[in-house]
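Trainee: give me a 3D structure for the following:
(chains A and B)
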Amino acid sequence: GESVGLHLPTLSVQEGDNSIINCAYSNSASDYFIWYKQESGKGPQFIIDIRSNMDKRQGQRVTVLLNKTVKHLSLQIAATQPGDSAVYFCAEKFAGNNRKLIWGLGTSLAVNP
Amino acid sequence: DTEVTQTPKHLVMGMTNKKSLKCEQHMGHRAMYWYKQKAKKPPELMFVYSYEKLSINESVPSRFSPECPNSSLLNLHLHALQPEDSALYLCASSQDRDNEKLFFGSGTQLSVL
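Mentor: Numbering: from 1, shown residues only, chains lettered A, B, ... in the order given. Here you go, the predicted model:
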């Protein structure tokens, strides 16, 4: 399943399927992007990051894709598991904002068994 | 030890009370952060400490007073709060101010009556 983080805040997928969470970022000068996962009752947890000189980065079961032309970031989760159920936040960073992270609104991922 | 420990986990206080939130990390991180998070919203940055000095104050009202006694501890002193200050308060740390991989605690859920 796919979601656009800012326009479809909830994504529901079947266990075992691949998930794609999308994020439209705001500033073309942003040079660093990061994904966090927040499970219920916990603080955000780092998943993966990518710098603007890259288009793709892979982690364990996760891949982040960056399309600077359209200011779009996506997080792909392979073989989604119930433990992946959480809210996923993308965040961006650029030099002109005192290097502070700018957080997206988040997408809630629900994995159906 | 990759944990950020926050106490208490829950706090209920009246508008005339004084209370403190505590945060501790033993990862040798030199940047520590306070965030505020409302339900179903991304975390909002409040304060950043870098090498035990206040680096960023995001125009937070003076009823919130941060303190960094040493490199492992971060406190947030609360006084004369308003009901709209009820939220989840998250502490985070990172290796240094330029490292965006934040380690978050589980937060203190604060209710102001």
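Trainee: count of neighbours near the closest residue to chain A within chain B?
Mentor: Proximity of chain B to chain A (CB to the nearest CB) peaks at residue B:104, 3.0 Å away. Every C-beta, even on glycine, is put in place using the N, C-alpha and C of the backbone. By the other CB atoms under 10 Å in any protein chain shown criterion, the neighbourhood of residue B:104 contains 22 residues.
Trainee: ramachandran angles for it?
Mentor: Phi and psi for residue B:104, reported as degrees, to the nearest 10, are phi -100, psi 150.
Trainee: that one and residue B:94, how far apart?
Mentor: 10 Å (CB to CB, to the nearest Å).
Trainee: likewise residue B:29?
Mentor: 6 Å.
Trainee: about what we covered before: can you pull the contacts of the residue nearest to the residue of chain B closest to chain A when sequence neighbours are not counted?
Mentor: Among residues not flanking residue B:104 along the chain, residue A:43 sits closest, at 3.0 Å (CB to CB, 6 or more residues apart in numbering or on different chains). Contacts here follow CB atoms under 8 Å, 6 or more residues apart in numbering or on different chains; on that basis residue A:43 touches B:4, B:90, B:92, B:104-107.
Trainee: same thing but 10 Å
Mentor: By CB atoms under 10 Å, 6 or more residues apart in numbering or on different chains, the contact set of residue A:43 is A:36, B:4, B:6, B:35, B:37, B:43, B:88, B:90-92, B:102-107.
Trainee: can you tell me which of the residues you listed is nearest residue A:79?
Mentor: Proximity of the contacts of residue A:43 to residue A:79 (CB to CB) peaks at residue A:36, which lies at 20.6 Å.
Trainee: is it true that residue B:18 touches residue B:79?
Mentor: Yes - Residue B:18 lies in contact with residue B:79 (CB atoms under 10 Å); the separation is 4.8 Å.
Trainee: compare those two (neighbour count), which wins?
Mentor: The neighbour comparison of residue B:18 against residue B:79 (other CB under 10 Å) goes to residue B:79, with 15 against 12.
Trainee: what does the helix or strand containing residue B:11 contact?
Mentor: Following DSSP states H and E, one finds residue B:11 within strand B:10-13. Contacts with strand B:10-13, where a contact means CB under 10 Å, 6+ apart, come from B:17, B:19-21, B:78-79, B:81, B:85-86, B:89, B:107-113.
Trainee: once you drop chain neighbours, what's closest to residue A:34?
Mentor: residue A:49 (4.2 Å).
Trainee: how about the helix or strand encompassing that neighbour, which residues are buried there?
Mentor: Using DSSP H and E, residue A:49 sits within strand A:45-51. For strand A:45-51, the neighbour count (16 or more other CB atoms under 10 Å in any protein chain shown) marks A:47-50 as buried.
Trainee: which one of the residues you listed is nearest chain B?
Mentor: Closest to chain B, out of all of the buried residues of strand A:45-51 and judged by CB to the nearest CB, is residue A:49, at 6.7 Å.
Trainee: for that closest one, what are its contacts?
Mentor: Taking CB under 10 Å, 6+ apart, one finds A:32-36, A:57, A:59, A:64, A:91, A:93, B:100-101 in contact with residue A:49.
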